[in-house]
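Asks: structure for the following, please:
(2 chains)
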Amino acid sequence: MPAVWAVWDVWDENSPDRIIKPVAGDRVFRWITAVCAAAIPVLMAGLVCVMVFNSHLALKKFGLGFLTSTAWNPIAQEYGALSSIFGTGVSTLIAMLIAMPMGLAVALFLVEWAPPKVEAFFGTAIELLAAVPSIIYGMWGLFVFAPFMADHVQPLLGRYLGFLPLFKGPPMGIGMLTTGIILALMILPFISSVSRDVFKMVPSVLKESAYGLGATNWEVTKGVILPYALHGIIGAGFLGLGRALGETMAVTFVIGNSHRLSASLFETGNSIASTLANEFTEASEPLYLHALVALGLVLFLITVTSQIAAQLWLRHIIKKAGGK
Amino acid sequence: MQSCSLKTRKAIDQSVKVIASLSAVIGLITIVWILLTVTGRGIGALNLKFFTEVPTPPGIPGGGLVNAIVGTVIMTIIAAVISLPIGLLAGTYLAEIGKGTRFAEVVRFVTNILIGVPSIIVGIFIYALLVVPMRGFSGYAGAVALAVIMLPIVVRTTEDMLNLVPDSLRESALALGASRWQVTLNVVFRSAKRGLLTGVLLAVARVSGETAPLLFTALNSAYWFSSLKEPLANLTVTIFNYAMSPYQDWQQKAWGASLLITVGVLFLTITARLIMKRQGKQL
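Replies: Numbers count the residues shown, from 1 in each chain, chains lettered A, B, ... in the order given. Sure thing, here's the model as predicted:
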């Protein structure tokens, strides 16, 4: 610890470097702020306990089979999470497949090719996408975008790619594909803004050397920028992933809300979040309610795992970069 | 790099540029499309009645959503009152007092994870914690759910903003004999004022558009606000219920409410950005 930091050790009463006696006000202030900080882990622990406690009936009755069963029948009291997990997985996968390359392309456009004024304009416009509440995406998705998909996009996909099981079925507009595309648009600003920051950190001397060797813009991107920014890009991906997994309202509006598994992306389905949003207030039986909370617990575990992976990943990069 | 003719290399380069520009244009089209849709369909619903009357029974035209507007504002304010003091102080701990300690590290880690917890999970948590014991949906429960979502955001932005304050400022104040809490409150907070305000505005903007956590906490109501112990009308759940209804009049009101909430949230977000920009120029 550099000498100048010794001043800060007023807080550490046992530090041998301590040069100022802590005053009473400082002690009180330290305790108040520490208690407020402690509120966060306590909240998290409380959340986990409450969710486990309120799902124990379902966890006990179905065990791990809950994860692999497709049954969802409130009358017969049979519950399984598979169709919801499948829907969350498929819609998130579509979203990531679209938003990752698109987000990177947007960031490249903004950092490398757009003149400053264009960059500011497009940058702000795309970041506003992140501020629009998810229920608005739901309204727009259901009443405007889904009909657009049904009239223009899905018939085209059906005609040319209809031989694939992915694009079979009537073009209804709502369904997995539309949900995935809307999710992609929702997470696009998160991926592009993080990538943009990372691309800006690539030292220009590296790029200029490559240009000096006669490389084209794309070759510089592929050979210099992307490898240099790879770690940050993965971080951006995790951020988008977390958003897409837990998105509720937009998905509930457009996914169709049916408990089934279907290979076709034109078919309706459900996700964990949409099942919760639709059925939670209808759950009258204790087991029904517990099954829904268990479903919530599954979603919680999925998102927390991806968040922890993202955090550890970020820490790994910072260490590698020799940062603070 | 594999050798191919200059022509091919240039062609690849051009096509990548076109794809990248196209992606940016698609992003732009999306935001414009959404804003135009919400404005076009919602503006017709916004009249004096919308802002002054409570909803009419289903199928009967007329009425407004003043109760939902008031409900959303009330819940957002209560959520802010709960989470701002705790969040600001916790963020202060992370940036100023506990910096570098193991405890701060843990709190920071959990804060970042809590930010990523889907808001519908928070709704379930508060349902089990407050709605079940209180035997009913209530405005309190909705406000607390929003506060839980807001808290980690406030903590993180507070920490980030305080970290921007240069150490030399703190050291000068300490050297003049100020104690740590005086330095934090009078020097650090004061110089981070705009940044903190930005963070608060962004957090408020974020929660005021939330729907999922209110579905099973505040629920919704067609009546004028009577007590926070009752289900409380709010704009976002109203949009959800009205949009799914078969009544033309309700669907139009849902668009009106969508326009109102979009304008509100974007206004807060843009204001926050402008404040931050001016801060940047000042430093």
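
Asks: ok, A:L265 to chain B distance?
Replies: 20 Å (CB to the nearest CB, to the nearest Å). Placement of C-beta: from N, CA and C, glycine included.

Asks: name the single longest helix found in chain A.
Replies: helix A:286-320 (DSSP state H).

Asks: in that helix, what counts as buried?
Replies: A:287-300, A:302-304, A:306-307, A:310-311, A:314 (16 or more other CB atoms under 10 Å in any protein chain shown).

Asks: can you narrow those residues down to the ones near chain B?
Replies: Applying CB under 8 Å from any CB of the partner chain to these, one finds that A:L292, A:V293, A:G296, A:L299, A:F300, A:T303, A:V304, A:S306, A:Q307, A:A310, A:Q311 fall near chain B.

Asks: pLDDT added to those residues, as CSV?
Replies: Compiled in CSV, these are given as follows (pLDDT from 0 to 100):
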residue, pLDDT
A:L292, 95
A:V293, 96
A:G296, 96
A:L299, 97
A:F300, 97
A:T303, 95
A:V304, 95
A:S306, 92
A:Q307, 90
A:A310, 87
A:Q311, 85
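
Asks: mind putting the residues you listed into JSON lines with distance to A:G169?
Replies: Below are those laid out as JSON lines (distance: CB to CB, whole Å):
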{"residue": "A:L292", "distance to A:G169": "29"}
{"residue": "A:V293", "distance to A:G169": "33"}
{"residue": "A:G296", "distance to A:G169": "30"}
{"residue": "A:L299", "distance to A:G169": "27"}
{"residue": "A:F300", "distance to A:G169": "32"}
{"residue": "A:T303", "distance to A:G169": "30"}
{"residue": "A:V304", "distance to A:G169": "35"}
{"residue": "A:S306", "distance to A:G169": "31"}
{"residue": "A:Q307", "distance to A:G169": "35"}
{"residue": "A:A310", "distance to A:G169": "36"}
{"residue": "A:Q311", "distance to A:G169": "40"}
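
Asks: so which of the residues you listed is the closest to B:I97?
Replies: Nearest to B:I97 out of these is A:Q311 (CB to CB; 22.3 Å).

Asks: which residues touch the nearest residue to A:I308 once chain neighbours are set aside?
Replies: Excluding its sequence neighbours, the residue lying closest to A:I308 (CB to CB, 6 or more residues apart in numbering or on different chains) is B:I113, at 6.5 Å. Taking CB atoms under 8 Å, 6 or more residues apart in numbering or on different chains, we find B:I113 in contact with A:M44, A:V304, A:Q307, A:I308, A:Q311.

Asks: wait, doesn't A:A229 sit right on A:V202?
Replies: Yes. Contact criterion CB atoms under 8 Å: A:A229 and A:V202 qualify, at 6.1 Å.

Asks: the more surrounded of these two?
Replies: A:A229 (25 against 20; other CB atoms under 10 Å in any protein chain shown).

Asks: if you count contacts, what does whichever strand or helix holds that one end up packed against?
Replies: A:A229 is located in helix A:226-246, with elements delineated by DSSP states H and E. Judged by 3 or more CB pairs under 8 Å, 6 or more residues apart in numbering or on different chains; DSSP states H and E, the packing partners of helix A:226-246 are helix A:82-108, helix A:176-200, helix A:286-320, helix B:119-126.

Asks: tabulate those helices in TSV, adding columns for distance to A:G212.
Replies: As requested, the helices and strands packed on helix A:226-246 are exported to TSV (distance: least, CB to CB, whole Å):
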stretch	distance to A:G212
helix A:82-108	20
helix A:176-200	20
helix A:286-320	28
helix B:119-126	50
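
Asks: least confident of these, on average?
Replies: Mean pLDDT is lowest for helix A:286-320 among the helices and strands packed on helix A:226-246, at a mean of 90.

Asks: what's the distance between that one and the middle of its chain?
Replies: Distance, stretch centre to chain centre, for helix A:286-320: 11 Å (CA atoms, centre = their mean, to the nearest Å).

Asks: ditto for stretch A:68-78
Replies: 28 Å.

Asks: which residues are contacting that stretch?
Replies: Contacts for stretch A:68-78 (CB under 8 Å, 6+ apart): A:62, A:79-83, A:259-261, A:283, A:285, A:287-288.
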